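Enquirer: Here is a sequence with its predicted model. Questions after.
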Amino acid sequence: MSELSRRAILVAGVACTFAARGAVAADSYGTIWRVSAGLDALIEPGTPVEQIAYGNQWTEGPVWVKNGGYLLFSDPPLNTVSRWTSTEGSRVFLKPSGFDGTDPALREAGANGLAIDASGALVMCDSGNRALARVDLATKKKQIVVDRYEGKRFNSPNDLCIARSGAIYFTDPCYGLEGLENSPARELAYSGIYRITPDGKITLLDQSFLRPNGIALSPDESTLYVSNTDPKQPVIKAFQLGADGLPTSSSIFFDTTPMLTPNAKGMPDGMKVDELGNLFATGPGGIMVLSKEARLLGQINVSARTASNCAFGEGGSTLFITATDIVARVRLKTRGNA
């Protein structure tokens, strides 16, 4: 039996026994399911899932801004980036966050994935402008970093992560375009995974996924994780990286196919990695907590909503979760990978 087959059987068994195992924490906004005792080292039993923001259309791309102590999150359909603090709550920070105008070719005009670079600037996947952009948080002035590969416009950059070298890894599915993969505005025949270095050199790393989405680096930056939001191949792939930051090989890290059920909302989407290498990754039913050995430790379900992404903040020991129209948070015993 292959490792992938063995893992699929294990995941199927876990999905069927969530109710029997019971919840370690619950309130009106979500439930934390404990699959393995290994979860207890990461989340204290009895920890609640708290709703902190609501009234959005589709929340995405959360990022914690250390120099300021606030959370930013995007709403691509509403073309906004909002700012949340524990004292002020949520309010609009950028509008428009993406394309400033009307374009019938766009399905989502706003920004999606967000990150903070070493200089403290906001780097965003600007779905509406079909580009990576950098925003000065003090002035809110935006600068396009890159919007084309080999002379052709990107589809709609979706999510990103930044290496310590300053290199940006990002995904480019067609979610921002009307008609998705069948959009007449599409210029590239594939949905790529890219890397751009501080000197502007851009490299296509992979084009095997229909809808590459969430992306994250392991703590030692030797592995790049990328999710595929495709019901025919709902997986997280691991790319082994060489010293130059480019892939040397790849393999399926985790296959969520057995977890796809009518009651389990969502598919592999955004993800983050903690300082120990554990993945907090969206999947069917919520945020999957996966060990670096690809073992499912537990899951954070946010009511009946679809989890889209997550981020560490408040000193690194809070997990912020974007899910459909809300933002939630869960206190952790572990810390995010700095």
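Expert: All right, it came through fine.

Enquirer: What ranges does the stretch 201-338 of the chain have for its strands?
Expert: Taking DSSP state E, counting those that start in this stretch as the test, the strands found in the stretch 201-338 of the chain are 202-206, 212-217, 223-228, 235-241, 247-255, 271-273, 279-283, 286-290, 296-301, 307-313, 318-323, 326-331.

Enquirer: just the CA coordinates of the second one, formatted as PDB?
Expert: Output for strand 212-217, consisting of C-alpha atoms alone and laid out as PDB, is shown next (Å, rounded to 0.1, in the frame of the first residue of the first chain):
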ATOM      1  CA  PRO A 212      -3.200  27.000  -6.600                       C
ATOM      2  CA  ASN A 213      -4.200  29.000  -3.600                       C
ATOM      3  CA  GLY A 214      -2.600  29.200  -0.100                       C
ATOM      4  CA  ILE A 215       1.100  29.200   0.200                       C
ATOM      5  CA  ALA A 216       3.600  29.100   3.100                       C
ATOM      6  CA  LEU A 217       7.200  28.300   4.000                       C
END
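
Enquirer: how long is stretch 171-180 end to end?
Expert: Chord length of stretch 171-180, first to last residue, is 15 Å (Cα to Cα, to the nearest Å).

Enquirer: now swap in stretch 145-160 and tell me
Expert: Chord length of stretch 145-160, first to last residue, is 13 Å (Cα to Cα).

Enquirer: Show me what counts as buried in that stretch.
Expert: The neighbour-count check on stretch 145-160 (16 or more other Cβ atoms under 10 Å) flags 145-146, 149, 154-160 as buried. Backbone N, C-alpha and C define where each C-beta goes, glycine included.

Enquirer: Phe99 - that's part of a helix, no?
Expert: No: under DSSP: H, G, I helix; E, B strand; the rest coil, Phe99 sits outside any helix and is assigned coil.

Enquirer: Looks to me like Ser119 is in a strand.
Expert: No: counting by three-state DSSP, Ser119 is not found in a strand; it is coil.

Enquirer: Give me the neighbour count for it.
Expert: Other residues near Ser119 come to 9 when the count uses other Cβ atoms under 10 Å.

Enquirer: So, low pLDDT: which residues of the chain?
Expert: Applying pLDDT under 70 to the chain picks out residues 1-28, 338.

Enquirer: Which residue comes closest to the spatially most central residue of it once chain neighbours are left out?
Expert: Centroid check for the chain by Cα atoms, centre = their mean gives Gly270 as the closest residue, at 1.8 Å. Leaving aside its sequence neighbours, Gly270 sits nearest to Asn309 (Cβ to Cβ, 6 or more residues apart in numbering; 2.7 Å).

Enquirer: cool, Gly313 as well?
Expert: That would be Trp64: by Cβ to Cβ, 6+ apart, it lies 2.9 Å from Gly313.

Enquirer: What about that neighbour, how many residues nearby?
Expert: 21.

Enquirer: ok so, going back, isn't the residue nearest to Gly270 right up against Asp159?
Expert: Yes: Asn309 is in contact with Asp159 according to Cβ atoms under 8 Å; the separation is 7.3 Å.
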